[in-house]
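Novice: my questions are about this predicted structure, shown below with the sequence.
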Amino acid sequence: MDRQVDIERSIIKKFRKEIWQKFVKAINDYQLIQEGDRIGICISGGKDSFLMAKCFQEIQKHGILHFDVEFIVMNPGYNEENLNLIYKNAQVLGVPIQVFSTDIFSVVDHLEEGNPCYLCARMRRGYLYQFAKDLGCNKIALAHHFDDVIETTLLSMLYGGEFKTMMPKLHSDHFDGLELIRPMYLVHEKNIIDWCHYNDLNFINCACRFTEKNEKFGEETSKRMEMKQLIQQFRETSPYIVQNIFKSVENVNLNCVIAYHKDGKKNHFLDEYDF
């Protein structure tokens, strides 16, 4: 129990500026939580989602909003070692998880064509939405952090040919009444790693069968890993570049954009140009 208290105190005290304040700021700035919400906290077993779970516990203790949470862990086919580590960390951290099982890894493992990571993510999302809805949740919380936002933005520009970002919240297209929120939106991954090291915590990573069998593919040549490396180069060049990429998605000047899409409709600057 003493260790759990120390871990909780580290969020509020030691990492107050880097983690706690940014977690609260995202909730306030993007209006992620409302009175009476029932939120499914999605825990993958990794560092980001377990920290998010602890932050939710803290805001329930220290915040003024009244809401309920369900700590959800989906087992997509983890090996015994990884599953045991999830249970161990949940006990150490004092997070009362609910675990449900799926066969996602088996399905993806037999995929002969296409993108296994994309399919895995889509299937995970669907199962999580359904389980959360069955528990009476009106929101699910995912632990995507600041660096995930930057990576997604760059991936869209450099490989997708469009400018879009990862949103702090959005409504589900397939599950009526469910909303996805990302409370870790402003927290930098480096600070999450520092929190783990400070508390001597060890969490699972991806842990899927595909990346276990194809470690080089999963770690070195994935497009997201390229973005991580590119972002690190930006940080070495200037302390402002990455933050400015983030600010740019909140500071779009439509007078200086050739075209943009909204609600399926394309708008072009020539449509309103005074010839």
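Specialist: Received the coordinates, thanks.
Novice: okay, and for the stretch 51-200 of the chain, where does confidence drop off?
Specialist: 109-117 (pLDDT under 70).
Novice: now the helices: where do they sit in it?
Specialist: 80-93, 104-109, 116-134, 146-158, 189-198 (DSSP state H, counting those that start in this stretch).
Novice: for the ones you listed, give me TSV that also has distance to residue 174 and mean neighbour count.
Specialist: From N, CA and C alone the C-beta is placed, and that goes for glycine too. Output for the helices of the stretch 51-200 of the chain, formatted as TSV (distance: least, Cβ to Cβ, whole Å; neighbours: other Cβ atoms under 10 Å):
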stretch	distance to residue 174	mean neighbour count
helix 80-93	27	15
helix 104-109	17	18
helix 116-134	7	17
helix 146-158	20	19
helix 189-198	29	16
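Novice: residues touching stretch 34-42, excluding its own?
Specialist: Residues from elsewhere that reach stretch 34-42 (Cβ atoms under 8 Å, 6 or more residues apart in numbering): 33, 49, 52-53, 56, 65-72, 74, 128, 131-132, 135-143, 181.
Novice: list the contacts of the residue positioned nearest the centre of the chain.
Specialist: With distances taken as Cα atoms, centre = their mean, residue 144 lies nearest the centre of the chain, 1.6 Å away. Residues near residue 144 by Cβ under 8 Å, 6+ apart: 48, 166, 182, 184, 185.
Novice: ok, the fourth one touching residue 145?
Specialist: Think residue 184. Yes - between residue 184 and residue 145 there is a contact at 4.5 Å, judged by Cβ atoms under 8 Å.
Novice: in the chain, which spans are strands?
Specialist: Counting by DSSP state E, the chain has strands at residues 38-43, 68-75, 97-101, 139-141, 169-171, 179-181, 259-262, 265-268.
Novice: which strands and helices sit next to the longest one?
Specialist: Meaning strand 68-75. Here strand 68-75 touches strand 38-43, helix 47-62, helix 80-93, strand 97-101, helix 116-134, going by 3 or more Cβ pairs under 8 Å, 6 or more residues apart in numbering; DSSP states H and E.
Novice: touching the last one from outside, list them.
Specialist: Contact partners of helix 116-134, identified using Cβ under 8 Å, 6+ apart, comprise 40, 42, 70, 72, 74, 76, 100, 102, 104-105, 107-108, 111, 139-140, 172, 174-175, 177-178, 208, 210, 222.
Novice: select only the buried ones of those residues in PyMOL?
Specialist: In PyMOL syntax, the buried subset of the contacts of helix 116-134 is picked out as below (16 or more other Cβ atoms under 10 Å):
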select buried, resi 40+42+70+72+74+76+102+104+105+108+139+140+172+175+178+208+210
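Novice: what about residue 62, how many neighbours?
Specialist: 10 (other Cβ atoms under 10 Å).
Novice: might one say that residue 149 is in contact with residue 248?
Specialist: No - contact criterion Cβ under 8 Å: residue 149 and residue 248 do not qualify, at 11.5 Å.
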